[in-house]
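**Student:** please work out how this folds:
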Amino acid sequence: MVGDAGDLTISQRAVIPLPIRSVFFKSESRGILIGPQLTINGGPLSYQAIVSTPEYTLFGVDITRLAGQAATVAFTGKERIGGFRLDSIQFSTQSVPESGTRRPRACLASFLFNRRRDVRG
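**Tutor:** Prediction:
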């Protein structure tokens, strides 16, 4: 646990491989939550919602400029009331779809297919 009371952080340091272009993750919040904040090497990154369902929202962030570098990736959430879940953190060679395009469904389908393949293989 890192930060103020109520802050929860998970992080890992590794080299981001050269073909990697983005990070996708699922998030669900219950009650009131500030976050999650995604940082790489301590600098905050803006992410966007790709697809929302009643169970979770799939978010994506472009990290193309960080490929090939050692980096600490951290997710921080401030739990206030209820709970917070973070799941399926995945580095991808796919680009994050631009807002307002029809690509989110294709991105979600590819994300889910690759996730199943990773689990099985």
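**Student:** Phe91 is in what secondary structure piece?
**Tutor:** strand 83-92 (DSSP states H and E).
**Student:** pull up the pairing partners for that strand, direction included.
**Tutor:** If you go by DSSP bridges, strand 83-92 pairs up with strand 22-30 (antiparallel).
**Student:** now what about the strand it pairs with, what contacts it?
**Tutor:** Residues outside strand 22-30 that contact it (CB atoms under 8 Å, 6 or more residues apart in numbering) are 36, 38, 47, 50, 55-64, 73, 75, 82-92, 94-96, 107, 111. Every residue, glycine included, has its C-beta placed from N, CA and C.
**Student:** which parts of the strand holding Phe91 are buried?
**Tutor:** Under the neighbour-count criterion of 16 or more other CB atoms under 10 Å, strand 83-92 has Phe84, Leu86, Gln90, Phe91, Ser92 buried.
**Student:** next: stretch 41-61.
**Tutor:** Applying 16+ other CB under 10 Å to stretch 41-61 flags Tyr47, Ile50, Val51, Tyr56, Leu58, Phe59, Gly60 as buried.
**Student:** apart from its neighbours in sequence, what residue is nearest Ala74?
**Tutor:** Ser11 (3.6 Å; CB to CB, 6 or more residues apart in numbering).
**Student:** ok, Ile10 next?
**Tutor:** On the basis of CB to CB, 6+ apart, the spatially nearest residue to Ile10 that is not a chain neighbour turns out to be Phe75, at 5.5 Å.
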